[in-house]
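[1] return atomic coordinates for the entry below.
(one chain, ligands or ions: 1)
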Amino acid sequence: MKSYRKELWFNIPSRRGFVNITAQVEECLRASGIREGLCLVNAMHITASVFINDDESGLHKDYDRWLEELAPHEPINQYMHNQTGEDNADAHLKRQIMGREVVVAVTNGELDFGTWEQIFYGEFDGRRRKRVLVKIIGE
Ligand code: ZN
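    This is a model prediction of the structure:
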């Protein structure tokens, strides 16, 4: 069995944002040489997500509005976590909803997506360098 590991780095210039990372994951798959197996992609930070959905800008604005309704950033003092001196309790909650990781089947050297599926990095506490892990196993 072959195994491949790579860290992708991101520095989102705003507090929140979504980035389509499908092409970068496909580049990892090409580099791995793996034709049949599984590809795991996970955020390595507890205030960021990796998820699969449609690459449609209206949907991304809907996510942002929905997540702000569920866990508004302000007022900061509404969260017990922020009593530690942090201001990112909302980002932890948003990450929990949007998820930590995705696993995609690798078939015949390609990511075996359903229709319209794309992989996204979701940032909820940006303006600093953060990592995503890509791990691919198979043969
Ligand atoms: Zn925190």
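
[2] longest helix anywhere in this structure?
    helix 57-70 (DSSP state H).

[3] okay, the angle between the helix or strand just after it and helix 57-70?
    Next along the chain after helix 57-70, taking DSSP states H and E as the criterion, comes helix 89-98. Relative orientation of helix 89-98 and helix 57-70, computed by axes from the mean of the first three to the mean of the last three CA atoms, to 10 degrees: 120 degrees.

[4] what lies in contact with helix 89-98?
    Helix 89-98 is contacted from outside by 15-16, 43, 45-49, 51, 63, 67, 70-73, 76, 79-82, 122, 124-125, using CB atoms under 8 Å, 6 or more residues apart in numbering. Backbone N, C-alpha and C define where each C-beta goes, glycine included.

[5] now do the buried residues in it.
    Across helix 89-98, burial judged by 16 or more other CB atoms under 10 Å covers Ala89, Asp90, Ala91, His92, Leu93, Lys94, Arg95, Met98.

[6] can you tell if that helix touches the ion?
    No - Helix 89-98 is not in contact with the ion by CB under 5 Å from the ion; minimum separation 5.6 Å.
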